[in-house]
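Asks: Got a predicted model here, sequence first, then my questions.
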Amino acid sequence: MSSELAFSLRGVGAAVSGSFALRDVSFELPTGYVMGLMGANGAGKTTAIRCLLGMRGFETGEIELLGHRVPGPVALRQDVGVVLHRTYFVGDWRLAEVERALRPFYDRWDRARYRQLLADFGLDLRARVKDLSRGMAVKLMIAVALSHQARLLVFDEPTSGLDPATRDELAGIIGDFLLDEGHSVLFSTHITSDLDRIGDYLTLIHEGRIAATGTKDEILDAYRVVRGGPDDLSEPVGVQLIGLRRTPAGTQALVRTGEAGLLSGDVLVEAPTLEEIAVHIGARANRRDPHPGASGGTSRRPRPDVGRQDRGSSMSARETA
């Protein structure tokens, strides 16, 4: 695996339960960037993360994490910090006890760093885990991850239920973490606004399959939203209508940018938001429909405002059926 990649999943398949499974899941993140993993609840985001972290097995494909094949050496866990949507610490522990319990498991644990982070986050060492607010519990998990000098932070739905001010503060924390170009972030969420500021790369997963993956700009450039009257967008030739919505007031769909010019002049064609892309792709009735993506290539682009400079290369936006 290239040292320039924080992680890579290639053709990963994993049976979960019932008819749901991960199928041919492939995406990767260069070191030093933020990957936003988007999808509706139950789309497969958490399962993909569990496979990446070696927390569950997979039947096909391969995964590499920070230069190691998964499952990797136990020591690899010291380089990964995990922040979940709810705290995984014992509720009756005080924050000083959290440190005493975790410190023996990390060779690079920094006691001074932990206590400074708690102070910076407004957390009291004497507070009990169970008494923390939702936002404070997320900050505690971040403090733990940063105190053992993790190289990769993995966030699984951390902002669900957080107020806008706390979510904005979390974006600033991630920006500070990325000041070190050896650090990377995987940020799973179904709240697309979280990724408008911090996302460099995006992967959209739908029903256990990768619908699109690439840089944020490539994903946005690959699609257009089209709107028309109630009788418009009726089986246009050569155009796939993704997530078509038809109401008495009008119609709306997502199309590939290269196909938008084939539509009649009676419809309105606009650049989409991340939320519109996620909603329309998530609504696809037939995931087996051919849905090729945009050609990408290597480019240099300005990074979002996360407090550090651009490091360069990108990967192409691509979708799989």
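Replies: Thanks, I have it.
Asks: For the strand of greatest length in the chain, buried residues please.
Replies: Longest strand of the chain, by residue count under DSSP state E: strand 5-17. For strand 5-17, a neighbour-count test (16 or more other CB atoms under 10 Å) marks 5-9, 12, 14 as buried. Just so you know, the C-beta spots here come from the backbone N, C-alpha and C atoms, and that holds for glycine as well.
Asks: Now render those as TSV, adding pLDDT and distance to Ile142.
Replies: Output for the buried residues of strand 5-17, formatted as TSV (pLDDT from 0 to 100; distance: CB to CB, whole Å):
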residue	pLDDT	distance to Ile142
Leu5	94	24
Ala6	96	18
Phe7	97	19
Ser8	97	25
Leu9	97	24
Val12	96	27
Ala14	94	28
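Asks: Turn these into TSV, columns for distance to Leu153.
Replies: Output for those, formatted as TSV (distance: CB to CB, whole Å):
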residue	distance to Leu153
Leu5	16
Ala6	10
Phe7	12
Ser8	17
Leu9	17
Val12	21
Ala14	23
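Asks: give me the low-pLDDT residue ranges for this structure?
Replies: 1-3, 161, 284-321 (pLDDT under 70).
Asks: Would you map the strands across it?
Replies: 5-17, 20-30, 34-38, 60-65, 68-69, 80-83, 152-156, 184-189, 201-206, 209-215, 223-228, 242-247, 250-256, 268-270.
Asks: tell me the most buried of those strands?
Replies: strand 34-38 (a mean of 28; mean count of other CB atoms under 10 Å).
Asks: Relative to the whole chain's centre, how far out is that strand?
Replies: Centroid displacement of strand 34-38 relative to its chain, using CA atoms, centre = their mean, to the nearest Å, is 2 Å.
Asks: tell me what that strand is packed against?
Replies: Contacting strand 34-38 under the criterion 3 or more CB pairs under 8 Å, 6 or more residues apart in numbering; DSSP states H and E are the following elements: helix 45-52, strand 184-189, helix 193-198, strand 201-206.
Asks: and the ones you listed as a markdown table, adding distance to Pro73?
Replies: A markdown table is the format used below for those (distance: least, CB to CB, whole Å):
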| stretch | distance to Pro73 |
| --- | --- |
| helix 45-52 | 15 |
| strand 184-189 | 19 |
| helix 193-198 | 30 |
| strand 201-206 | 26 |
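Asks: With Val90 as the reference, name the closest of these.
Replies: With CB to CB as the criterion, Val90 lies closest to helix 45-52 of these, at 21.8 Å.
Asks: What is the neighbour count of Gly18?
Replies: 6 (other CB atoms under 10 Å).
Asks: What does it show for phi and psi?
Replies: phi 60, psi -130 (degrees, to the nearest 10).
Asks: Make 292 the starting number, not 1.
Replies: Yep, numbering from 292; the last one is Gly309 now.
Asks: so what's it up against?
Replies: The contact partners of Gly309, by CB atoms under 8 Å, 6 or more residues apart in numbering, come to none.
Asks: Could you report the distance from it to Ser479?
Replies: 22 Å (CB to CB, to the nearest Å).
Asks: same deal with Gln543?
Replies: 27 Å.
Asks: what do you get for Gly499?
Replies: From Gly499 to Ser479 the distance is 14 Å (CB to CB).
Asks: Could you chop the chain up by domain?
Replies: Domain segmentation of the chain under automatic domain parsing yields 296-506, 513-573.
Asks: ok now the longest one, how far from the chain's centre?
Replies: So that's domain 296-506. 9 Å.
Asks: One more: stretch 559-574?
Replies: Worked out by CA atoms, centre = their mean, stretch 559-574 lies 17 Å from the chain centre.
Asks: which residues are contacting it?
Replies: 329-331, 334, 481, 483-484, 486-487, 490, 493, 495, 497, 502-503, 507, 510-511, 514-519, 533-534, 536, 544-545, 551, 554.
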